[in-house]
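Engineer: how does the following fold in three dimensions:
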Amino acid sequence: MNRDKIIEWVFRIVPAVIMLQTLFFKFTGHPDSVALFTELGVEPFGRVGLGVVELIAAILLLIPETVKYGIVLGLGLMAGAIATHLFIIGIIYNNDGGALFTLAAVAMVCLLVLAYRHWSSIQGLIPGLKAA
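Structural biologist: All right, here's what the predicted structure looks like:
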């Protein structure tokens, strides 16, 4: 495998793993996850629903033929997570030292790199984007 392919896979695997590792907390009803989504006013449907969407995005990122859909879906999810931290719950939530925010930011950076690399194939998937 050449260097470019390895870099591509790293930028796909990192956000997929970040999204997948949060699913345990969302799907098992972990008290911290329940508290967070209760504070946001969307417990339990928001917690489980976002978990399902994150699962789909992670799977799409790991399948070469569907990576462009995973990028777009992941960007939307991480934009929402980052906005929630910045405007509603704070960067540090429940004494986590900013871990949840940092994970969302790392995933977002990886997804932005992927969006740049796959720009021509994702333009038609995002309303309002046109080829330059």
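Engineer: my guess is residue 59 meets residue 67, correct?
Structural biologist: No. Contact between residue 59 and residue 67 fails when scored by CB atoms under 8 Å: they sit 10.6 Å apart. Just so you know, the C-beta spots here come from the backbone N, C-alpha and C atoms, and that holds for glycine as well.
Engineer: ok, these two, which is more surrounded?
Structural biologist: In this view residue 59 and residue 67 are compared by other CB atoms under 10 Å, and residue 67 has more residues nearby, 20 against 15.
Engineer: buried set for the helix or strand encompassing that one?
Structural biologist: Residue 67 belongs to helix 67-84 when assigned by DSSP states H and E. Neighbour-count burial for helix 67-84, with 16 or more other CB atoms under 10 Å as criterion, is recorded at 67-75, 77-78, 81-82, 84.
Engineer: and it, average pLDDT?
Structural biologist: The average pLDDT for helix 67-84 rounds to 97.
Engineer: distance between the host helix or strand of residue 54 and the chain's centre?
Structural biologist: If you go by DSSP H and E, residue 54 is part of helix 45-62. Helix 45-62 has its average C-alpha position 8 Å from the chain's average C-alpha position, going by CA atoms, centre = their mean, to the nearest Å.
Engineer: packing partners for that helix?
Structural biologist: For helix 45-62, the contact count by 3 or more CB pairs under 8 Å, 6 or more residues apart in numbering; DSSP states H and E identifies helix 3-28, helix 31-39, helix 67-84 as packing neighbours.
Engineer: now do stretch 125-132, average pLDDT.
Structural biologist: In this model, stretch 125-132 has an average pLDDT of 69.
Engineer: could you list the low-pLDDT ranges of the protein?
Structural biologist: Across the chain, the stretches falling below the confidence threshold (pLDDT under 70) are 129-132.
Engineer: ok, residue 118 touching residue 69?
Structural biologist: No. Under the criterion of CB under 8 Å, residue 118 lies out of contact with residue 69, with a separation of 10.4 Å.
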